[in-house]
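Student: Got a predicted model here, sequence first, then my questions.
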Amino acid sequence: MGTILKDMRHVQWHELRHAQGSASQVPGMLSRIAWGDSESAGDALSDLGRWIAALAVFDATAATVPFLWELAARESVKDRVGVIGLLGTILSHDHALHPGWTRDAHLAVLAGRATAERLATDGDPAVRTAAGELLAACGGHVCAACPPR
């Protein structure tokens, strides 16, 4: 896997869940986002979004977020704007039956604020815009599952 996404092997993905069941396929999706061509990466990002954030967040969501931050920061990733958008989607969704999953997912997104600040000065105007929108969402984030800041 090289230097990018190398820590994925430390996550027990098969023990985590997403909207479709076992999260054991999440590393493959992240790898496709990292190294796939535009079409493959886009499909993987779309699938991953449906699995970990479209309707609710899951325990796999919090485990995935640090890798999404890593991908967003990599210029070689084809759809960094989409990755940043997925981080924003995660921050805006919850899981009514599992507030701990919500808290963990939201805190993982908020922990990447320094990366978002760097991306807000990126050479790509679309990345700068997406990062600015995510920073605004992070700054205004308040939800019942998260501790007051």
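Tutor: Arrived safely, thanks for sending.
Student: could you pull out the strands for this protein?
Tutor: With strands called from DSSP state E, the chain shows them at 17-18, 21-22.
Student: give me the number of residues near Ile4?
Tutor: 18 (other CB atoms under 10 Å). Every C-beta, even on glycine, is put in place using the N, C-alpha and C of the backbone.
Student: which residues sit in contact with it?
Tutor: Contacts here follow CB atoms under 8 Å, 6 or more residues apart in numbering; on that basis Ile4 touches 34, 70-71, 74.
Student: thinking again about what came up before, and of the strands of the chain, who's closest to Arg113?
Tutor: Relative to Arg113, the nearest member of the strands of the chain by CB to CB is strand 17-18, separated by 24.4 Å.
Student: what's next to that closest one, contact-wise?
Tutor: 23, 26, 51-52, 58-61.
Student: Show the buried residues in these.
Tutor: Buried members of the contacts of strand 17-18, scored by 16 or more other CB atoms under 10 Å, are 23, 26, 51-52, 58-61.
Student: Need the winner for burial among the strands of the chain.
Tutor: Among the strands of the chain, strand 17-18 has the highest mean neighbour count (mean count of other CB atoms under 10 Å), at a mean of 21.
Student: Quick check: neighbours of that strand in the sheet, parallel or antiparallel?
Tutor: Paired with strand 17-18 in the same sheet, following DSSP bridges, are strand 21-22 (antiparallel).
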